[in-house]
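Participant: For reference, the sequence and a predicted model appear below.
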Amino acid sequence: MMILSRLLGCQEQLGFLHQSKEELTDSHPVVCNRNILVELEEGVGVAVMKMKSPPVNSLSLDFLTEFSISLEKLENDRGCRGVILTSAVPKIFSAGLDIKEMCGKSAEHYAEFWRAVQEMWLKLYKSNMVTIAAINGNCPAGGCLMAVSCDYRIMAENPKYSIGLNETQLGIVAPFWFKDTIANTIGHRATERSLQLGLLYSASDALKIGIVDELVPEEKVLNAAAATMSQWLAIPDYARQISKSMMRKPTLDRLLTHRESDIQNFVSFVTKDSIQKSLQTYMESLKQRKG
Ligand SMILES: CCCCC/C=C\C/C=C\C=C\CC(=O)SCCNC(=O)CCNC(=O)[C@H](O)C(C)(C)COP(=O)(O)OP(=O)(O)OC[C@H]1O[C@@H](n2cnc3c(N)ncnc32)[C@H](O)[C@@H]1OP(=O)(O)O
């Protein structure tokens, strides 16, 4: 019930009611949501989802709810066959889960938050559409999870940007489905090293290890994503979708089977004093780094 009311509440915030005439053209209907801009190019059947939640596109409960609703709308739109996921915030793809959602809140809040994280991943990982991440900035932790849940990743070749699952550096543990998703991308051994050490890879190392598929100059990331999209869309949908599902279903089923216990694990993990302390210390270190 709480989730339903949040979804309904969010649908109003989503701004479907606030679209101006300038934002709606025949060829590029744009939906300006609070955290995500969705632009559907109808003739081509491709939507661009631009995350725009400054300063760092952190994945808050509101953001995740909006993301899942937006993706579901595209999924149900027969005119949309592909999605390019990118960022409208300079230098940042996404800073991952919003740490503020995991600090000093109630057990009920943590459970609701974690369900929204699961939902985002389930929707993205099982999408029937072709999904391409156009990674135009830093991409740690939950940001990396989003990217590796797509079918293909193109990253800006900027030495300042990094990508990876750095959870252990915060004193927390990537859950099994984060681990499965990255292992499906880079293999078991590379995942073991990557997860234990909480490695963040430079763009060039990310290409070498296979977290990303291609590097291009920053200003070409979106064009390169569009070019790759047209190659993938040249394959008949039905055959491609069944192949995707064959590869991903066991991983999806594992979370679906253990969804409630995964939420309980998260809540009991994150409510530990030691974990709260680690997260608070990490947040403070982020603030101090600035100064
Ligand atoms: C055994 C059982 C296991 C069960 C499972 C249990 C647990 C699993 C739990 C959790 C899994 C979590 C996955 C995650 O995603 S955790 C999030 C990890 N993210 C990070 O480590 C990234 C942190 N951020 C950065 O490194 C930098 O901010 C970044 C490189 C992205 C950008 O740098 P920049 O210099 O541009 O910006 P900053 O000045 O650092 O930040 C601006 C502003 O934003 C705040 N902020 C940054 N990241 C986050 C975040 N993830 N959440 C919330 N807030 C964030 C930062 O503090 C600054 O705020 P302010 O000082 O301006 O107020």
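Facilitator: Looks like it came in fine.
Participant: make it CA atoms for all contacts and neighbour counts henceforth
Facilitator: OK.
Participant: Tell me which stretches of this protein form strands.
Facilitator: Assigned by DSSP state E, the strands in the chain fall at 30-32, 36-41, 46-51, 82-87, 91-92, 130-135, 137-140, 152-156, 162-164, 201-202, 214-216.
Participant: And the ones you listed: which comes nearest Arg240?
Facilitator: Closest approach to Arg240 among the strands of the chain (CA to CA): strand 130-135, 8.9 Å.
Participant: if we look at the closest one, which residues are touching it?
Facilitator: Taking contacts as CA atoms under 8 Å, 6 or more residues apart in numbering, the residues outside strand 130-135 that touch it are 81-87, 93, 124, 147, 150-156, 221-222, 225, 229, 232-233.
Participant: what does the stretch 1-150 of the chain put close to the ligand?
Facilitator: 55-56, 58, 95-100, 138, 140-142 (CA under 6 Å from any ligand atom).
Participant: among those, which two are most distant?
Facilitator: For those, with distances taken as CA to CA, the pair at the greatest spread is Lys100 and Asn138 (19.0 Å).
Participant: Which residue of those two possesses the greater neighbour count?
Facilitator: For Lys100 and Asn138, the more surrounded residue by other CA atoms under 10 Å is Asn138, and the numbers stand at 26 against 14.
Participant: Now do the contacts for the more buried one.
Facilitator: Per CA under 8 Å, 6+ apart, neighbours of Asn138: Lys91, Ile92, Phe93, Ser94, Ala95, Lys160, Tyr161, Ser162, Ile163.
Participant: And the residues you listed, which is closest to the ligand?
Facilitator: Ala95 (4.1 Å; CA to the nearest ligand atom).
Participant: how many neighbours does that closest one have?
Facilitator: The local packing of Ala95 (other CA under 10 Å) involves 21 other residues.
Participant: cool, and Leu122?
Facilitator: 19.
Participant: what does Ala141 give?
Facilitator: By the measure other CA under 10 Å, the count of residues near Ala141 is 23.
Participant: Ile263 too?
Facilitator: Using other CA under 10 Å: Ile263 sits among 18 other residues.
Participant: So it is in contact with Glu108, correct?
Facilitator: No: using CA atoms under 8 Å as the test, Ile263 is too far from Glu108 to be in contact (10.4 Å).
Participant: For the contacts of Asn138, give me TSV that also has distance to Ala47 and pLDDT.
Facilitator: Formatted as TSV, the contacts of Asn138 follow (distance: CA to CA, whole Å; pLDDT from 0 to 100):
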residue	distance to Ala47	pLDDT
Lys91	22	98
Ile92	20	98
Phe93	17	98
Ser94	19	98
Ala95	23	98
Lys160	28	97
Tyr161	25	98
Ser162	25	98
Ile163	24	98
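Participant: Mind giving me the ChimeraX select for those residues, buried ones only?
Facilitator: Applied in ChimeraX, the following selects the buried portion of the contacts of Asn138 according to 16 or more other CA atoms under 10 Å:
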select :91,92,93,94,95,161,162,163
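Participant: okay, the contacts of Asn138 in JSON lines with distance to Thr191 next?
Facilitator: Converted to JSON lines, these look like this (distance: CA to CA, whole Å):
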{"residue": "Lys91", "distance to Thr191": "26"}
{"residue": "Ile92", "distance to Thr191": "23"}
{"residue": "Phe93", "distance to Thr191": "21"}
{"residue": "Ser94", "distance to Thr191": "21"}
{"residue": "Ala95", "distance to Thr191": "20"}
{"residue": "Lys160", "distance to Thr191": "22"}
{"residue": "Tyr161", "distance to Thr191": "20"}
{"residue": "Ser162", "distance to Thr191": "16"}
{"residue": "Ile163", "distance to Thr191": "13"}
